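# Give the three-dimensional model of this entry:
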Amino acid sequence: MANRVLIGNRATGGYGLYVSKDGDNVLTDDGLLFDSRTGTGWGIATYGEDSFDTWNEADHTITHNLGYNPLVAIRWSHTITDGKSTEVYSPCWMEHYANTWPIDKFYRGGLRWYHTSVNAIVVQNQATTWAQGLIYYGYVIFREPDFTGGRGI
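Next comes the predicted model:
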């Protein structure tokens, strides 16, 4: 049976409270379930980035297979320069009315996400026109259960 819990000095981390994953050895394996040095102790289940290239692109489903609704952080941007966002927004969307002759029309922009099941989230592009449609986003899905009621951090 592997060592699972250590309170004290760990050779590869110093003093703290450490808990290993099932089947791992807390003394030698780096994939810890809990590490008090992280401050919050939120382990990362998965992370990534993607983009919506057109305003009418289908929703993106991100499968995590955790079996519960995890804590999620998502940020998005319209602009990438030299591989970096020049503006960053939390999940939000807005709607405005354009009073332009000959057509009056509602326009939407932004991004939203939600838990679609206990094993996946869905990310939606809320834009309704090409000019507002290009959205880049990055996400982190934590192992911590969602304590925000689906709002994320």
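
# Quick one: low-confidence residue ranges for this structure.
Residues of the chain meeting the criterion pLDDT under 70: 1, 30-31, 38-41, 93, 95-108, 128-133.

# Domain parsing of it, as residue ranges.
5-38, 44-145 (automatic domain parsing).

# could I get those domains as JSON lines with mean neighbour count?
C-beta here means a position set from N, CA and C on the backbone, and glycine is covered the same way. Converted to JSON lines, the domains of the chain look like this (neighbours: other Cβ atoms under 10 Å):
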{"stretch": "domain 5-38", "mean neighbour count": "14"}
{"stretch": "domain 44-145", "mean neighbour count": "15"}
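
# out of these, which comes closest to Arg151?
For the domains of the chain, the distance to Arg151 is smallest for domain 44-145, at 8.3 Å, taking Cβ to Cβ.

# hang on, the earlier thing: out of the domains of the chain, the one nearest Gly152 is which?
Per Cβ to Cβ, nearest to Gly152 of those: domain 44-145, 4.4 Å.

# For Gly48, which residues are in contact?
Ile62, Gly138, Tyr139 (Cβ atoms under 8 Å, 6 or more residues apart in numbering).
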